[in-house]
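K.L.:
Sequence and predicted model, in that order:
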Amino acid sequence: MKINPIRILADNNKIRGTGIEGGKEIFPTSKTLLDKLGLTGRQRQELEEQQQKTVSFKVDQFKAFADLRDYQLEDVAYLAAKKRMACFNEQRTGKTPTALSTMVMHGVHKLLIVAPASTLYTWAHECKHWWFDEPAIVVDGTAAKRKKLIEEWKTGALIISYECLREKQSTIKDEDGNLLGLTVTGDLEYIRKHKDIEGIILDEAHRIKNHKSKQALALFSLSKIPYKLALTGTPAPGKQHEIFSILHWLYPDVFTGYWRFIDYYFTQYEEYNASGKYKVIGTFQPGKAKELQEFLDVISTRRLRSSVMAWLPEKDREVIKLPMTVEQQKYVSELNQYFEIEGTEVDAVNILAKLIKIRQILLGPKVLGLKGKSPKAEWIKQYLNDYPEKSVIIFSNFTEWLKLLGEELNCKDFIIGETTKQERERVKTEFQAGKIKLLLINIKAGKEGITLDTADTIIFTDKYPPVGDIQQAEDRFVATTKEKLNTGHTIIDLVMEDSYEEHILKMLANNASEIDIINNYIKYLKGDKHDK
């Protein structure tokens, strides 16, 4: 028998473990099993010390560590003590800084980050603050562009979405159409060629809960990366056994097969349908829930918002900065220089008109009848796809933009200037009841007289004075009960990077008026890029 802090390898013909190796059964190490084995004394003490081991470091060892909260420092010390760990802290407790700081402690300089597509640029910005002074590369765009980014990746963080991290197979045929074979291509295959990846962070790790999905299989194929960290506040979002995929990804040498995992921990029974007999997974076998919890305590952290963040504000704020398209850059540059856009009927008679049109272009060129995609619309579509369970409100100052966005999102539920009182009441009632999950609102039309506190998230696609209108819009989803306060309320600002929108957002934080923003814009056009 071989025992280490993670697994027990034993000759046992009577009890099947969660895996098998060389004819021996594998069992996840837990206090319950150690008790059954009668392991006591010095050996037991040393084993438990290894299980709860932490690494020591000074807060000033790395500059960013000074910004970590006390419990985050404790988590980093614990997570960095083992190569493969999970952070199951609840939403809004700051898993991203903890994860990146853990990789810093591991000394990782070539890091793969897999995350929902709508969070890629957020991760890139977080890397700049919490990780080494290394590049953060977002794998986005066309297949050719993504391939080039991956192939040229030397060091730093490569940030890729679950959707891109899939294997693609193409058929090879001769001139007569006969199948000669298959060739594997795609982002996953290009990443596999990098044999020197040191660490990988899997954000929203519950996304691989289906162990047969392409996303899960893609992640399983990257098992040889030395340092692994899984992040999720809901490790088993639907059913308890869905945690298998995360455990298999972290420890494929302990949890070698799905049905072995099920047989070990859960009860099962058979049912029949038109297709015949099938297995149904029930509840934990007696004592097995405790065993699994004891193992999870060794390989993960679990922080609850209520215990570590009693001061938690009722709103969680996030700024998403998106790169402008080539078309947007061209349109904005021409308007700034010439008060018109070459080859179009778009022009501006003064500074205010120019600023309004630029704000519309940054929302989406189609608002002004111009060609080109809207990165904000693309991001919103991806966010809704990433988080279909969330109730979302989208705000804008421009009704025409909201109508265009509604067409792209196939959403017909609005609160805008032309919305009747009857329609307004219907939308409110159905949103509160959960029948509507997405609502588009003009800031002025929805700033008062309506409560929408079942929303998880509100997204501002643009902001402009007066500040009071924005505050009233935010207050539409302020929690009205204690229970709703703890569910999380996120406010997202979508901003085009390296545009005047960044300045507007900063100035609004200081209660800037419309006159302030226009005067600042005049200075901005003259070459002064700093807010005054």
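P.N.:
Looks like it came in fine.
K.L.:
can we go C-alpha only for contacts and neighbour counts from here?
P.N.:
Fine.
K.L.:
which strands and helices sit next to the strand or helix carrying residue 160?
P.N.:
Using DSSP states H and E, residue 160 sits in strand 156-161. When contacts are defined as 3 or more Cα pairs under 8 Å, 6 or more residues apart in numbering; DSSP states H and E, strand 156-161 sits against strand 110-115, helix 120-130, strand 136-138.
K.L.:
Burial check on residue 495, number of neighbours?
P.N.:
Residue 495 is flanked by 27 other residues according to other Cα atoms under 10 Å.
K.L.:
Oops, could you answer that again for residue 219 instead?
P.N.:
Residue 219 has 20 nearby residues by other Cα under 10 Å.
K.L.:
The spatially closest residue to it that is not a sequence neighbour: what secondary structure?
P.N.:
The shortest distance from residue 219 to any non-neighbouring residue, by Cα to Cα, 6 or more residues apart in numbering, is to residue 249 (7.1 Å). For residue 249, the assignment made with DSSP: H, G, I helix; E, B strand; the rest coil gives helix.
K.L.:
Return the set of buried residues in stretch 333-350.
P.N.:
335, 336, 339, 340, 341, 346, 347, 348 (16 or more other Cα atoms under 10 Å).
K.L.:
re the thing from before, mind listing residues that contact the strand holding residue 160?
P.N.:
Strand 156-161 has contacts (Cα atoms under 8 Å, 6 or more residues apart in numbering) with 109-117, 120, 123-124, 127, 134-140, 150.
K.L.:
One more: stretch 52-71?
P.N.:
Taking Cα under 8 Å, 6+ apart as the rule, stretch 52-71 contacts 73, 77-81, 97-98, 101, 129-131, 298, 308.
K.L.:
Quick one: mean pLDDT over the strand holding residue 160.
P.N.:
For strand 156-161, mean pLDDT rounds to 96.
K.L.:
How far away from the center of its chain is that strand?
P.N.:
13 Å (Cα atoms, centre = their mean, to the nearest Å).
K.L.:
Now do it against helix 120-130: the angle between them, please.
P.N.:
160 degrees (axes from the mean of the first three to the mean of the last three Cα atoms, to 10 degrees).
K.L.:
ok so, going back, neighbours of the residue nearest to residue 219, how many?
P.N.:
For residue 249, using other Cα under 10 Å, the count is 26.
K.L.:
ditto for the one 4 residues further on
P.N.:
The number of residues packed near residue 253 is 17, by other Cα under 10 Å.
K.L.:
Doesn't it belong to a helix?
P.N.:
No: per three-state DSSP, residue 253 lies outside any helix segment and is coil.
K.L.:
The helix or strand that contains residue 99 packs against which elements?
P.N.:
Using DSSP H and E, the element containing residue 99 is helix 95-106. Counting contacts by 3+ Cα pairs under 8 Å, 6+ apart, helix 95-106 packs against helix 70-79, helix 120-130, strand 227-231.
K.L.:
at 10 Å instead, please
P.N.:
If contacts are counted by 3 or more Cα pairs under 10 Å, 6 or more residues apart in numbering; DSSP states H and E, helix 95-106 sits against helix 70-79, strand 84-87, strand 110-115, helix 120-130, strand 199-202, strand 227-231.
K.L.:
among the ones you listed, which is nearest residue 4?
P.N.:
Smallest distance to residue 4 across those (Cα to Cα): 14.5 Å, for strand 84-87.
K.L.:
what sits up against the closest one?
P.N.:
Residues outside strand 84-87 that contact it (Cα atoms under 10 Å, 6 or more residues apart in numbering) are 75-76, 78-79, 95-96, 98-99, 199-203, 205, 225-233, 235, 246-247, 249-251, 296-303.
K.L.:
Can you say which of those residues are buried?
P.N.:
By neighbour count, with 16+ other Cα under 10 Å, the contacts of strand 84-87 hold 75-76, 78-79, 95-96, 98-99, 199-203, 205, 225, 227-233, 235, 246-247, 249-251, 296, 298-301, 303 as buried.
K.L.:
any weak-confidence spans in the chain?
P.N.:
Residues of the chain that meet the criterion pLDDT under 70 lie in 13, 167-185, 309-314, 447-449, 478-488, 528-532.
K.L.:
between the helix holding residue 99 and helix 70-79, how big is the angle?
P.N.:
Going by the same axes, to 10 degrees, helix 95-106 makes 40 degrees with helix 70-79.
K.L.:
send the alpha carbons of helix 95-106 over as PDB?
P.N.:
Output of helix 95-106 as PDB, limited to C-alpha atoms (Å, rounded to 0.1, in the frame of the first residue of the first chain):
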ATOM      1  CA  LYS A  95     -10.900  34.600  -7.400                       C
ATOM      2  CA  THR A  96      -9.000  36.300 -10.400                       C
ATOM      3  CA  PRO A  97      -6.400  38.100  -8.200                       C
ATOM      4  CA  THR A  98      -6.000  35.000  -6.100                       C
ATOM      5  CA  ALA A  99      -5.500  32.800  -9.200                       C
ATOM      6  CA  LEU A 100      -2.900  35.000 -10.900                       C
ATOM      7  CA  SER A 101      -1.000  35.600  -7.600                       C
ATOM      8  CA  THR A 102      -0.900  31.800  -7.100                       C
ATOM      9  CA  MET A 103       0.700  31.500 -10.600                       C
ATOM     10  CA  VAL A 104       3.200  34.200  -9.600                       C
ATOM     11  CA  MET A 105       4.100  32.100  -6.500                       C
ATOM     12  CA  HIS A 106       4.600  29.100  -8.800                       C
END
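K.L.:
what's the offset of it from the middle of its chain?
P.N.:
15 Å.
K.L.:
check contacts around the spatially closest residue to residue 104 that is not a sequence neighbour.
P.N.:
Counting by Cα to Cα, 6+ apart, residue 131 is the residue found nearest to residue 104 once chain neighbours are left out, at 6.2 Å. Shown in contact with residue 131 (Cα under 10 Å, 6+ apart): 62-65, 97, 99-105, 108-109, 156-157.
K.L.:
Looking at these, which is nearest residue 242?
P.N.:
Of the contacts of residue 131, the one sitting nearest to residue 242 (Cα to Cα) turns out to be residue 99, at 22.4 Å.
K.L.:
Would you mind measuring from the closest one to residue 111?
P.N.:
Here residue 99 is placed at a distance of 11 Å from residue 111 (Cα to Cα, to the nearest Å).
K.L.:
Please apply the same query to residue 265.
P.N.:
34 Å.
K.L.:
for residue 79, same thing?
P.N.:
Taken as Cα to Cα, the span from residue 79 to residue 111 is 16 Å.
K.L.:
and what of residue 81?
P.N.:
Distance from residue 81 to residue 111, by Cα to Cα: 18 Å.
K.L.:
Looking only at neighbour counts, state which of the two leads.
P.N.:
residue 111 (23 against 20).
K.L.:
so who does the more buried one touch?
P.N.:
Going by Cα under 10 Å, 6+ apart, residue 111 touches 100, 103, 136, 155-159, 196-201, 225, 227-228.
K.L.:
which residues of the stretch 201-350 of the chain fall in strands?
P.N.:
227-231, 266-273, 276-284, 300-301, 316-322 (DSSP state E, counting those that start in this stretch).
K.L.:
so where do the helices sit in the stretch 301-450 of the chain?
P.N.:
Counting by DSSP state H, counting those that start in this stretch, the stretch 301-450 of the chain has helices at residues 305-308, 326-338, 351-363, 375-386, 399-409, 421-432.
K.L.:
Give the other helices and strands that the third one contacts.
P.N.:
The contact analysis (3+ Cα pairs under 10 Å, 6+ apart) places helix 351-363 against helix 326-338, helix 375-386, helix 399-409, strand 490-496, helix 500-509, helix 514-525.
K.L.:
mind giving me JSON lines with these and columns for distance to residue 26?
P.N.:
Converted to JSON lines, these look like this (distance: least, Cα to Cα, whole Å):
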{"stretch": "helix 326-338", "distance to residue 26": "56"}
{"stretch": "helix 375-386", "distance to residue 26": "36"}
{"stretch": "helix 399-409", "distance to residue 26": "49"}
{"stretch": "strand 490-496", "distance to residue 26": "43"}
{"stretch": "helix 500-509", "distance to residue 26": "55"}
{"stretch": "helix 514-525", "distance to residue 26": "65"}
